[in-house]
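**Q** Give me the fold of what follows.
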Amino acid sequence: MFPRRRQNIQLARVFGIRIGVSVSWFVVLFVLILILSEFFEEILSGSKTTIYLVAVAGALGYFLSLILHELGHALAARRQGIGIAGIDLWFFGGLSQMRREPATPGEEFKIAAAGPAVTLALTLICLAAGSLISSGHSFAKVTLSRETTTPAVGLIGWLAFVNGALFVFNVLPAFPLDGGRIARAVIWRVTGDRYRATALTGRSGQLLALALGALGLFGLSRNGSFLDLMTLMLAFFIYQAAGAAVMQGALGRRIQNIRVADIMDREPVTIPEQTSLLDAQDQYFGRYRWPWFVVVDEARHYLGVVRQQRLEAEIAAGRPALPVTDVLESDLPVRIGGEAPLETLLGSEGLGRLGAMVAVDADGVLEGVVTLAQIRQALQPAA
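**A** Sure, this is the predicted structure:
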């Protein structure tokens, strides 16, 4: 839900979307299996092996539920024309990495609501499946208490409970939870002020974090369980993300009239497409000492970016006469319109990957380049 994109391990690809996990995911998976082993030992009458296998299935089922939840967000974003860089699972949940922020309240609402909708559907499916393989009365008892039952009913009961709990928690109107994003979309639509909506839902997120923190501290003062420690950590992460939203809302108001064209370099140094790698090294990389350059054709259409590391590798491999177009990175998400607001620029994936964005017009003609240094300079008066 909360952290920025980081290096992680790929688990799979679903609908072309990369599913990755951080190292903390393996820690949580191990701890969750231990906790579920103790839980299922109390309600299952099978062998130790059966109990352990059900615990593993329960832990994996929980994370599968998170993946399906995030896929709901990701596929909804795709329908709105927003690219997805991947889905990350981490300590407390998952995060769909969108290549841009929603541009309208409608986009925000549809994307935010899709995840909880999937989780609610999973809850109902588990409840229906549990009722089919047991009497409704006994399944309700297993789900809400610790009555002894079969492995299948116990596992489905756990999945119904955890998905139901995730749904209820996630729809709370507090940023960065999905309910907070839904509330932001509604406030944004009613007031027409995205920044005010962001600040308000950020404040509600901070209040939720303080309440969770108090609950965790109270639990630690009495029992000191692992769950209480997890609650404190969750409160910390929520407060951080909510505080960032409050700052984003305040900063957004100050910079809302600044456009990319206002701060970009309109005459950046570019490399013509017919330039050889050796000439590019001598005339551009060796002269300006920059790690990358934009490559354009004769009509100044943006073709891509060439990096020094790739260029030097090709020259060292004995291919100095190759044109720079042969080593282009043309698929970097660094394009942006000159009239785009500065806030859109700040949330772009390409800025983090290249340290700059390339402004192009509707025909793909280069308008300018804006770097992190220029952005920092523009933000100083606002800060």
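**Q** Sketch out the strands for the stretch 251-383 of the chain, chain order is fine.
**A** Ranges of strands within the stretch 251-383 of the chain are 270-272, 292-296, 302-307, 335-336, 356-360, 366-371, based on DSSP state E, counting those that start in this stretch.
**Q** Quick one: closest of these to Ala112.
**A** strand 335-336 (23.8 Å; Cβ to Cβ). C-betas here are computed from N, CA, C, even on glycine.
**Q** if we can go back for a sec, could you identify which of the strands of the stretch 251-383 of the chain is most buried?
**A** strand 356-360 (a mean of 23; mean count of other Cβ atoms under 10 Å).
**Q** partners of that strand, with directions?
**A** When pairing is defined by DSSP bridges, strand 356-360 lines up against strand 335-336 (parallel), strand 366-371 (antiparallel).
**Q** ranking these by mean pLDDT, which is last?
**A** Among those, strand 335-336 carries the lowest mean pLDDT, at a mean of 90.
**Q** residues making contact with that strand?
**A** Val260, Tyr302, Thr344, Leu345, Ser348, Gly350, Met357, Val358, Ala359, Val360 (Cβ atoms under 8 Å, 6 or more residues apart in numbering).
**Q** Closest to Asp326 out of the residues you listed?
**A** Tyr302 (17.0 Å).
**Q** what sits opposite that closest one in the beta ladder?
**A** Val296.
**Q** remind me which residues of the chain are low pLDDT?
**A** 1-7, 91-92, 135-147, 347, 381-383 (pLDDT under 70).
**Q** Identify the single longest helix in it, thanks.
**A** Longest among the helix segments of the chain by residue count, using DSSP state H, is helix 48-79.
**Q** ok, then the element right after it?
**A** strand 84-89 (DSSP states H and E).
**Q** which residues are contacting that following strand?
**A** 3, 5-6, 8, 11, 17-22, 25, 63, 66-67, 70-71, 74, 77-78, 94-99, 333, 349.
**Q** Likewise for stretch 117-130?
**A** 65, 68-69, 71-72, 139, 142-143, 153, 156-157, 159-160, 163-164, 166-167, 170.
**Q** how about the helices in the stretch 101-250 of the chain?
**A** In the stretch 101-250 of the chain, helices defined by DSSP state H, counting those that start in this stretch lie at 105-133, 136-144, 151-170, 178-191, 194-222, 226-255, listed in chain order.
**Q** got TSV for the ones you listed, with distance to Val306 and mean neighbour count too?
**A** Conversion of the helices of the stretch 101-250 of the chain to TSV gives the following (distance: least, Cβ to Cβ, whole Å; neighbours: other Cβ atoms under 10 Å):
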stretch	distance to Val306	mean neighbour count
helix 105-133	34	19
helix 136-144	59	16
helix 151-170	44	21
helix 178-191	38	21
helix 194-222	36	19
helix 226-255	31	18
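**Q** CSV for these, including distance to Ala373?
**A** CSV is the format used below for the helices of the stretch 101-250 of the chain (distance: least, Cβ to Cβ, whole Å):
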stretch, distance to Ala373
helix 105-133, 31
helix 136-144, 56
helix 151-170, 39
helix 178-191, 31
helix 194-222, 25
helix 226-255, 16
